[in-house]
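Enquirer: When you get a sec, could you give me coordinates for this:
(chains A, B, C and D)
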Number of protein chains: 2
Amino acid sequence: MDIKILVIEDEEAINSVISMSLRATGYQVTSCFDGDAASASLAKRHDYSLAVVDIMLPGKDGFALLPELRSYGIPVIFLTARGDLADKVRGLTQGAEDYMTKPFEMLELLVRIDKILNRNSTYDADICIRDVVIHTQRRTVTKNGKEIHLKPMEFDCLVMLARNKNKALTRSQLLGALWGMEFEGETRTVDAHIGRIRRKLGFEDVIRTIPRVGYRLEAEE
Amino acid sequence: MDIKILVIEDEEAINSVISMSLRATGYQVTSCFDGDAASASLAKRHDYSLAVVDIMLPGKDGFALLPELRSYGIPVIFLTARGDLADKVRGLTQGAEDYMTKPFEMLELLVRIDKILNRNSTYDADICIRDVVIHTQRRTVTKNGKEIHLKPMEFDCLVMLARNKNKALTRSQLLGALWGMEFEGETRTVDAHIGRIRRKLGFEDVIRTIPRVGYRLEAEE
DNA sequence: AGTTTTCGTTACAATTCGGTTACACCGCAG
DNA sequence: CTGCGGTGTAACCGAATTGTAACGAAAACT
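Expert: Here you go, the predicted model:
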């Protein structure tokens, strides 16, 4: 398993009910009680598979958090008080995956979470490319069965490319996903990492350069 | 446009509200008032982009219809009476895309429909013109299955034309879209690029010159 | 504290890109 | 027939982009 879920909800009672239920179901849960804390926490760690976010929050509210969450590719389920149709519409159109009105049944939330996770599934599976296998859980890479040592950042970069097989990724997309979107660094940094990955894995022609755009990892499905 | 939606709901008032709203929004709607009729109708025609289905129906109920709908790859939004949690869970786990409890706000239904349609959408789908396929996500172009290398600017230019099939684009429009509004350069630059694209793809007669105006990419829909 | 690892940046060579230009056409009006 | 505006096209060269190795700061580890 090892699926991480971020719960952002200021009402302690509700937060704890949600967190406990999720833990009981086997997820790894991180709780935040206001928007600023959530924001800070996200800057450090953004490998969540999902976030459950109350819209009304002290500090940054749910809508304010949405851009950050999106930039890390974390799907969001919004929570709000009953009948707030305007919020509902706004949340869904701005990119939330789903929406629930309080009070709600825990079971329904679990089902909806399950649904979203399955939609973006294939997460913790190993990924094969040619003679290379990426063990996403163990965070190791083997080529012809022999382990190749990748540095943490190189590994993350490779996984990002591998999860988006045959899709062109821009340097900013890679930077945003790996370093956080508030990171302001040279995009050439990406090039350097790609270069090292290529050399270590013999991926000179697997990771294709897309001039003026970024990179693409090629592999048959 | 031309998106077809199937509405299966036995209460005439509700059925007609939904159908009218959807039509007003620009969808093409087919209404059914019981499960058996829906089933029969589906046998003939199953190119719907979505189905809105009440669970409680005369004849086949919503759950019974689900396998058929799924087999045609039609996503489903279920409708049911308030508080029927068991149904809700069952519907979502068995493969409905979403779920709404009556009474609901029409606007919310519209938003959720929109969301589902966009999820399975075609914005970054491949574009076909004759024997040429533009893989917009991969940023590659193939002709008869063989990859043709286009330079970045050529690719962007081609996509711009292809996304505006059968529309005349002026040189300034192309310049503005590809180089940014503030770019001040010779419009002849466009000609050069078009020329290269034509030659590489054999598009001499697909990309038409509109004298004194610009270019148009011709293709049947 | 010392050592090792990691990682962002920089510099430079090699390559690629693309705006421009020059010239050949083509159709048309005078 | 000739001139002219507009277009097709190949070639050129400066500019932008990329691969790569090296460096040094920061972090992690001992």
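Enquirer: For chain A, which helix or strand comes out least confident on mean pLDDT?
Expert: helix A:85-94 (a mean of 74; mean pLDDT, DSSP states H and E).
Enquirer: Do a quick rundown of the helices in chain A.
Expert: Shown for chain A, the helices assigned by DSSP state H span residues A:12-25, A:35-44, A:62-71, A:85-94, A:106-119, A:152-163, A:171-179, A:188-201.
Enquirer: So which elements touch the second one?
Expert: In this structure, helix A:35-44 packs against strand A:4-8, strand A:28-32, helix A:62-71, with contacts taken as 3 or more CB pairs under 8 Å, 6 or more residues apart in numbering or on different chains; DSSP states H and E. Heads up, the C-betas are built off the backbone N, CA and C, glycines and all.
Enquirer: Determine which stretch of those is the most buried.
Expert: strand A:4-8 (a mean of 23; mean count of other CB atoms under 10 Å in any protein chain shown).
Enquirer: which outside residues touch it?
Expert: The contact list for strand A:4-8 (CB atoms under 8 Å, 6 or more residues apart in numbering or on different chains) reads A:15, A:18-19, A:22, A:27-33, A:35, A:38, A:41-42, A:47-54, A:57, A:62, A:65, A:74, A:113.
Enquirer: That strand pairs with which strands?
Expert: Strand A:4-8 has its sheet partners listed here by DSSP bridges as strand A:28-32 (parallel), strand A:50-54 (parallel).
Enquirer: now the first one: mean pLDDT?
Expert: Put plainly, it is strand A:28-32. Here strand A:28-32 scores 92 as its mean pLDDT.
Enquirer: From B:V159, how far out is A:A86?
Expert: Note on A:A86: its distance to B:V159, by CB to CB, to the nearest Å, is 36 Å.
Enquirer: Contact partners for A:G95?
Expert: A:G95 is in contact with A:66, A:70, A:76, counting by CB under 8 Å, 6+ apart.
Enquirer: An error on my part: the question was meant for A:R130.
Expert: Shown in contact with A:R130 (CB under 8 Å, 6+ apart): A:206, A:219.
Enquirer: How about A:H135?
Expert: The contact partners of A:H135, by CB under 8 Å, 6+ apart, come to A:126, A:141-142.
Enquirer: And the helices of chain A, which one averages the lowest pLDDT?
Expert: Between the helices of chain A, the lowest average pLDDT goes to helix A:85-94, which shows a mean of 74.
Enquirer: now check it, is it near chain B?
Expert: Yes: for helix A:85-94, a contact with chain B is found by CB under 8 Å from any CB of the partner chain, at A:85, A:88-89, A:92-93.
Enquirer: Can you lay out those as a markdown table showing neighbour count and distance to B:L174?
Expert: Output for the residues of helix A:85-94 next to chain B, formatted as a markdown table (neighbours: other CB atoms under 10 Å in any protein chain shown; distance: CB to CB, whole Å):
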| residue | neighbour count | distance to B:L174 |
| --- | --- | --- |
| A:L85 | 15 | 42 |
| A:K88 | 22 | 40 |
| A:V89 | 18 | 36 |
| A:L92 | 18 | 35 |
| A:T93 | 12 | 31 |
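Enquirer: with the residues you listed in mind, which one is nearest to B:Q137?
Expert: A:T93 (23.1 Å; CB to CB).
Enquirer: Skipping adjacent residues, who's closest to that closest one in space?
Expert: Ranked by CB to CB, 6 or more residues apart in numbering or on different chains and with sequence neighbours excluded, the top spatial neighbour of A:T93 is B:V111, at 6.2 Å.
Enquirer: ok, back up a step: list buried members of the contacts of strand A:4-8 by neighbour count.
Expert: If you count burial by 16 or more other CB atoms under 10 Å in any protein chain shown, the buried members of the contacts of strand A:4-8 come out as A:15, A:18-19, A:22, A:27, A:29-33, A:35, A:38, A:41-42, A:48-54, A:57, A:62, A:65, A:74, A:113.
Enquirer: pretty sure A:L69 is in contact with A:A51, am I right?
Expert: Yes: assessed by CB atoms under 8 Å, A:L69 is found in contact with A:A51 at 5.5 Å.
Enquirer: Residues that sit against both of these two, list them.
Expert: A:V76.
Enquirer: about what we covered before: looking at A:A86 and B:V159, which is more packed in?
Expert: Set side by side, A:A86 and B:V159 show more neighbours around B:V159, with 18 against 9, by other CB atoms under 10 Å in any protein chain shown.
Enquirer: Contacts only, for the more buried one.
Expert: Contacts of B:V159 by CB under 8 Å, 6+ apart are B:127, B:134, B:136.
Enquirer: any idea how far the residue lying closest to the second one once chain neighbours are set aside lies from B:L161?
Expert: Spatial nearest neighbour of B:I134, chain neighbours left out: B:I127 (4.4 Å); criterion: CB to CB, 6+ apart. Computed as CB to CB, the B:I127 to B:L161 distance reads 10 Å.
Enquirer: So between these two, which is more surrounded?
Expert: Shown here are B:I127 and B:L161; by other CB under 10 Å, B:L161 has more neighbours (25 against 18).
Enquirer: What's the local residue count around the residue nearest to that one when sequence neighbours are not counted?
Expert: Among residues not flanking B:L161 along the chain, B:L217 sits closest, at 4.0 Å (CB to CB, 6+ apart). When neighbours are counted by other CB under 10 Å, B:L217 registers 22.
Enquirer: I'd say B:L217 and B:C157 touch.
Expert: No: with contact defined as CB under 8 Å, B:L217 does not reach B:C157; the gap is 10.3 Å.
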